[in-house]
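Chemist: Quick one: sequence plus predicted model below, questions after.
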Amino acid sequence: MKKILIVEDERNFARFMELELMHHGYAVTVVGSGQEGLETATRDASWDAILLDAMLPGLHGFEVCRGIRRAGFATPVIMLTARDSVTDRVSGLDSGADDYLPKTFAFEELLARIRAVIRRSKRGSGAAQAALAYRDLRIDPVAGTVSKAGVVLELTKREYELLLVLMNHRDRVLSRAMLLDLVWGYDCEAGTNVVDVYVRYLRNKIDDPGQRSYIHTVRGIGYVIRS
Ligand code: CA
């Protein structure tokens, strides 16, 4: 049985997730604070996935996630965020979360994400460390910079976030709608063609002329960076 740790201070919401997940065959433990979450998550390596609320009293969800990674645990973390800002999502990724979901999710989606992060974590360990380097590109999430063969590139915030999201979801094809949600925000009114425009800007800055692009177009679906 797969073991899920839920770190969530809103009791009703935690209880709802607990019951649903148990119903779907998971063994579930719930803790209600960031501190407890960090302690429980790093006690041993028995967790298959962690659902981590971003807004927790005391220790914030991002800090909990950073703490888990610092302690050397690669347990998949799905960050649940009530807020709907790009900054939150990028901070979530920077702190080492594998995925994030606004709390308005449909439960089926959460189940799908849980299965996906568990599947991915079984595949590559060491993938997390390599996640921010690809061929001669390096992302420094602390400085918020991207360099190519050691030379720092001039990217706009949007271009940077788009590249970060693609790098963090390597080998996973992201649809234009997903990229729009992740980079521009769920309430963004822009059409998905804005994604194509920014992929083009990004390619102009990171690709070598005449060489295959770093970002692959998957016709009719979206974009992916393949390892
Ligand atoms: Ca909360």
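Modeler: Thanks, I have the structure now. Being a predicted model, the structure only gives us computed values, none of them experimental. Residues are numbered from 1 along each chain as shown.
Chemist: And the next helix or strand past the lowest-mean-pLDDT helix or strand in the chain?
Modeler: In the chain, no helix or strand scores lower on mean pLDDT, DSSP states H and E than helix 127-130, which sits at a mean of 44. Counting by DSSP states H and E, the next helix or strand C-terminal to helix 127-130 is strand 133-134.
Chemist: Averaged pLDDT, that following strand. What do you get?
Modeler: The average pLDDT within strand 133-134 is 82.
Chemist: for the next helix-or-strand element following that strand, packing partners?
Modeler: Remark: after strand 133-134, the chain's next helix or strand is strand 137-140, criterion DSSP H and E. The helices and strands touching strand 137-140, judged by 3 or more C-beta pairs under 8 Å, 6 or more residues apart in numbering; DSSP states H and E, are strand 145-148, helix 157-168. Backbone N, C-alpha and C define where each C-beta goes, glycine included.
Chemist: closest to the ion out of those?
Modeler: Ranking the helices and strands packed on strand 137-140 by proximity to the ion (C-beta to the ion) places helix 157-168 first, at 23.5 Å.
Chemist: can you list contacts of the closest one?
Modeler: With contacts defined as C-beta atoms under 8 Å, 6 or more residues apart in numbering, helix 157-168 is touched by 86, 90, 93, 131-132, 134, 137, 139, 141, 144-146, 155, 174, 179, 182-184, 195, 198-199, 201-202, 205-206, 215, 223-225.
Chemist: Outline the domain layout of this protein.
Modeler: According to automatic domain parsing, the chain comprises the domains 3-125, 132-224.
Chemist: could you pull out the strands for the chain?
Modeler: 3-7, 27-31, 49-53, 77-81, 99-102, 133-134, 137-140, 145-148, 151-152, 174-175, 216-218, 222-224 (DSSP state E).
Chemist: Identify whichever of these lies nearest to Glu63.
Modeler: strand 49-53 (10.4 Å; C-beta to C-beta).
Chemist: quick one: contacts for Leu132?
Modeler: Counting by C-beta under 8 Å, 6+ apart, Leu132 has contacts 138-141, 167.
Chemist: Now flag whichever of those is closest to the ion.
Modeler: Among those, and counting by C-beta to the ion, the member closest to the ion is Pro141, at 24.3 Å.
Chemist: what angle separates the longest helix along the chain from strand 77-81?
Modeler: Criterion DSSP state H: the longest helix present in the chain is helix 107-123. Interaxial angle of helix 107-123 relative to strand 77-81 (axes from the mean of the first three to the mean of the last three C-alpha atoms, to 10 degrees): 150 degrees.
Chemist: quick one: low-confidence parts of this structure?
Modeler: By pLDDT under 70, the weakly predicted segments of the chain are 83-89, 92, 122-131, 141-143, 185-187.
Chemist: mind listing what the most centrally placed residue in the chain touches?
Modeler: Centroid-nearest residue in the chain, with C-alpha atoms, centre = their mean: Asp99, separated by 3.2 Å. Asp99 makes contact with 76-79, 113, 116-117 under the criterion C-beta under 8 Å, 6+ apart.
Chemist: give me that answer again for 6 Å
Modeler: 78, 113, 117 (C-beta atoms under 6 Å, 6 or more residues apart in numbering).
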